[in-house]
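# Any chance you can model this:
(one chain, ligands or ions: 1)
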Amino acid sequence: MNEIQDKWDEILEYLKIEHCVTDVSFKTWLLPLKVYSVDDNLITISIDDKMIGPDSKNFISRKYGVPLKVAISEIMNHNYNIEFVLKSQLKPANTATESDKKKNSTNNNSCSFLNPRYTFDTFVVGANNNLAHAASLAVAESPAEIYNPLFIYGGVGLGKTHLMHSIAHYILEQNPQSKVMYVTSEKFTNELIESIRNVNTTPTEFREKYRNIDVLLIDDIQFIIGKESTQEEFFHTFNTLHESKKQIIISSDKPPKDILTLEERLRSRFEWGLTVDIQQPDYETRMAILKKKEELDGLQIDNEVMKYIATNIKSNIRELEGALTKIVALSRLKKKEVNVTLAEEALKDLISPEDKKQVTPELIIDVIAEHFNITSADIYSVNKSRNIAFPRQIAMYLSRKLTDYSLAEIGKLLGNRDHTTVLHGIDKVEKTMKKDLTLQNTIDVLNKKINP
Ligand SMILES: Nc1ncnc2c1ncn2[C@@H]1O[C@H](COP(=O)(O)OP(=O)(O)OP(=O)(O)O)[C@@H](O)[C@H]1O
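As a prediction, this is how the structure comes out:
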């Protein structure tokens, strides 16, 4: 096992060169593969399905199964059989290799969550985002030298987080020692609240964590609006980092001048560097983004279907990508080929004539799933593990608060549960919120995401 693990990077590198795998595909498909176990002649390889989706297993074994076997045999001088398993189906204790564990412990304070798919290579540049892209790349190449802070703003789902993660990946690739911290403003607020209450950390530790770094990326700053102590703390964090010539990158849904309730001293600081925006993509860019997703997901979709999606979904790239995923899922479910008729059926709820989004439990569930980094299917399922059960209870609570659905209807939607289960879920969230300020903050953020 150890021998194979030691040579794993070499095996992947061999495969990359021998099969002319592009950098993007290599990062997306091969780097997340880890040796889980070696039993006699069988190597079990885990796939990080949370990062690249459960469908990736078929694709990876079809496309890379044989080349990987050959690469192992070349480097190890021995023939092994291989099998792929999804990481989510493994016991947590077994999933991390020793080197993973080491990496996690040393990187604890930096980028605990960076999506490996969000890199400059996978970011499609169009007229709507070329300035934001160029500024982000410039900052990634020369942190704290040109634009400090870099302030990126734009509407929902237009690529702000993707660009921020790209900057973080790039800086870490160039300089792995660099202390890069990516955080949402919600997490920043929650950690501050916890530190004030001495839960998990103290105020001094909190300050040290955020002030002793080289690069701070703070996403969705609009969620600290109206939170006075968070604004105050962030003001001091900003000053300390800026004075010591550390790079700060901020994202928001609006430019600083339009964030009306933002304290003046923070607003003026946000405008010290460069402010760039991301607009809605034009038709050509939407097509290019769909093509990129098709390539990354190993799909082959009829061009007419791509045109149908790009013509009808204009304002949100997350929805554009989601539309493609929905069509593919429906085609698999119904065992029908992907064509425009199927696309019309799959997207009938998404493409509404008034183009006005209604708040429904389904929308609430999608937002919650994305927020907690689980899937909507998890929330609908019968899975009772805590990391899913609690977001499900939040879905019950918000569905009741924000829609006209009855307890029974919400229960039916959420895995055919009884109305008393829903009532219990709502009660649990309400009671927890009374004593837990971080949950109050999270619910507040979710509310704003659902009703931007
Ligand atoms: N130019 C692009 N090229 C490729 N993919 C993109 C591009 N812009 C956005 N995406 C994809 O669209 C999805 C949504 O993007 P992202 O999460 O970065 O948006 P956001 O602006 O941060 O949204 P929010 O306002 O909800 O925080 C992601 O899957 C991202 O990879």
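
# pLDDT wise, what is the nearest residue to residue 26 once chain neighbours are set aside at?
Spatial nearest neighbour of residue 26, chain neighbours left out: residue 16 (5.1 Å); criterion: C-beta to C-beta, 6 or more residues apart in numbering. Glycine gets a C-beta too; all of them are placed from N, C-alpha and C. Looking at residue 16, its pLDDT is 87.

# for this protein, what's the longest helix?
The longest helix of the chain (DSSP state H) is helix 56-76.

# residues making contact with that helix?
If you take C-beta atoms under 8 Å, 6 or more residues apart in numbering as the criterion, helix 56-76 is touched by 3-4, 7, 10-12, 14-15, 18-19, 29-30, 33, 43, 45, 47, 49, 78-82, 84, 86, 297-298.

# mind redoing it with 7 Å?
The contact list for helix 56-76 (C-beta atoms under 7 Å, 6 or more residues apart in numbering) reads 4, 7, 10-11, 14-15, 18-19, 29-30, 43, 47, 49, 79-80, 82, 84, 86, 298.

# where does the chain have low pLDDT?
Scanning the chain for pLDDT under 70 picks out the ranges 1, 50-55, 91-112, 352-357.

# Please enumerate the strands of it.
Along the chain, the stretches classed as strands by DSSP state E are 34-39, 42-47, 81-86, 150-154, 180-184, 215-219, 247-252, 274-278.

# how about TSV for those strands, with mean neighbour count and distance to residue 169 added?
Output for the strands of the chain, formatted as TSV (neighbours: other C-beta atoms under 10 Å; distance: least, C-beta to C-beta, whole Å):
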stretch	mean neighbour count	distance to residue 169
strand 34-39	16	19
strand 42-47	20	20
strand 81-86	15	24
strand 150-154	25	16
strand 180-184	21	9
strand 215-219	24	11
strand 247-252	26	13
strand 274-278	20	18
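
# Kindly reformat those as a markdown table containing distance to the ligand.
Converted to a markdown table, the strands of the chain look like this (distance: least, C-beta to the nearest ligand atom, whole Å):
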| stretch | distance to the ligand |
| --- | --- |
| strand 34-39 | 23 |
| strand 42-47 | 19 |
| strand 81-86 | 20 |
| strand 150-154 | 6 |
| strand 180-184 | 9 |
| strand 215-219 | 7 |
| strand 247-252 | 6 |
| strand 274-278 | 7 |
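
# Nearest to residue 144 among those would be which one?
Minimum separation from residue 144 across the strands of the chain (C-beta to C-beta) falls at strand 247-252, 4.2 Å.

# partners of that closest one, with directions?
strand 150-154 (parallel), strand 215-219 (parallel) (DSSP bridges).

# Which one of those strands lies nearest to residue 178?
Among the strands paired with strand 247-252, strand 215-219 comes nearest to residue 178, with 6.7 Å by C-beta to C-beta.

# Contacts made by that closest one with the rest, please.
For strand 215-219, the external contacting residues (C-beta under 7 Å, 6+ apart) are 143, 161, 164, 167-168, 171, 178, 180-185, 188, 210, 241, 246-251.

# re the thing from before, weed out the non-buried ones from the contacts of helix 56-76.
Burial by neighbour count, 16 or more other C-beta atoms under 10 Å: within the contacts of helix 56-76 this picks out 4, 7, 11, 14-15, 19, 29-30, 43, 47, 49, 82, 84, 298.

# any idea which residue sits dead centre in the protein?
For the chain, residue 115 is the residue whose C-alpha lies nearest the centre (C-alpha atoms, centre = their mean; 5.5 Å).

# Write out the residues of this structure neighbouring the ligand.
Contact residues (C-beta under 6 Å from any ligand atom) of the chain with the ligand: 118, 122-124, 129, 154, 156-162, 220, 253, 289, 292, 317-318, 321.

# Could you pick out the buried ones from those?
Among the residues of the chain next to the ligand, those buried by neighbour count (16+ other C-beta under 10 Å) are 118, 122-124, 129, 154, 157-162, 220, 253, 289, 292, 317-318, 321.

# Contacts only, for the closest residue to the ligand within the chain.
Proximity of the chain to the ligand (C-beta to the nearest ligand atom) peaks at residue 159, 2.7 Å away. For residue 159, the contact set (C-beta under 7 Å, 6+ apart) comprises 123, 129, 278, 317.

# what's the nearest residue to the last one if we skip its chain neighbours?
Closest residue in space to residue 317, ignoring its immediate chain neighbours: residue 157 at 5.4 Å, by C-beta to C-beta, 6+ apart.

# you'd agree the one you found is up against residue 321?
No: Residue 157 is beyond contact range of residue 321, at 8.8 Å (criterion: C-beta atoms under 7 Å).

# gap between residue 254 and residue 330?
From residue 254 across to residue 330, the span is 36 Å (C-beta to C-beta, to the nearest Å).

# Among the buried ones among the residues of the chain next to the ligand, which ones are in helices?
When DSSP H defines the helices, the subset of those inside them is 160-162, 289, 292, 317-318, 321.

# Got the domain ranges for this structure?
Split into domains by the TED database, the chain comes to 3-89, 120-278, 283-355, 361-450.

# if we can go back for a sec, from the ones in helices among the buried ones among the residues of the chain next to the ligand, which two are the most distant?
Going by C-beta to C-beta, the pair spanning those furthest: 160 and 292, at 17.5 Å.

# Give me the contacts around stretch 259-278.
For stretch 259-278, contacts defined as C-beta under 7 Å, 6+ apart pick out 128-129, 131-132, 135, 147-154, 158-160, 222, 225-226, 231, 235, 238, 250, 252, 255-256.

# which residues does the residue nearest to residue 166 when sequence neighbours are not counted contact?
Closest residue in space to residue 166, ignoring its immediate chain neighbours: residue 120 at 4.6 Å, by C-beta to C-beta, 6+ apart. For residue 120, the contact set (C-beta under 7 Å, 6+ apart) comprises 137, 166, 170.

# one more time with 10 Å, if that's ok
Contacts for residue 120 (C-beta atoms under 10 Å, 6 or more residues apart in numbering) come out as 24, 133, 136-137, 140, 162-163, 165-167, 169-170.

# Report how many residues lie close to residue 268.
11 (other C-beta atoms under 10 Å).

# With residue 188 instead?
25.

# do residue 210 as well
Here the number of neighbours of residue 210 (other C-beta under 10 Å) works out to 23.

# now it: how far from residue 201?
Taken as C-beta to C-beta, the span from residue 210 to residue 201 is 11 Å.

# okay, and the common contacts of these two?
Here residue 210 and residue 201 have 191-192 as joint contacts, going by C-beta under 10 Å, 6+ apart.

# pretty sure residue 293 contacts residue 318?
No: using C-beta atoms under 10 Å, residue 293 is not in contact with residue 318, being 11.3 Å away.

# Please verify my assumption that residue 405 contacts residue 365.
No: the pair formed by residue 405 and residue 365 falls short of the contact definition of C-beta under 10 Å, at 11.7 Å.

# These two: who's more crowded?
Shown here are residue 405 and residue 365; by other C-beta under 10 Å, residue 365 has more neighbours (24 against 18).

# which ones are touching the more buried one?
Listed by C-beta under 10 Å, 6+ apart, the contact partners of residue 365 are 375-380, 391-392, 394-395, 398-399, 413-414.

# No further questions, thank you.
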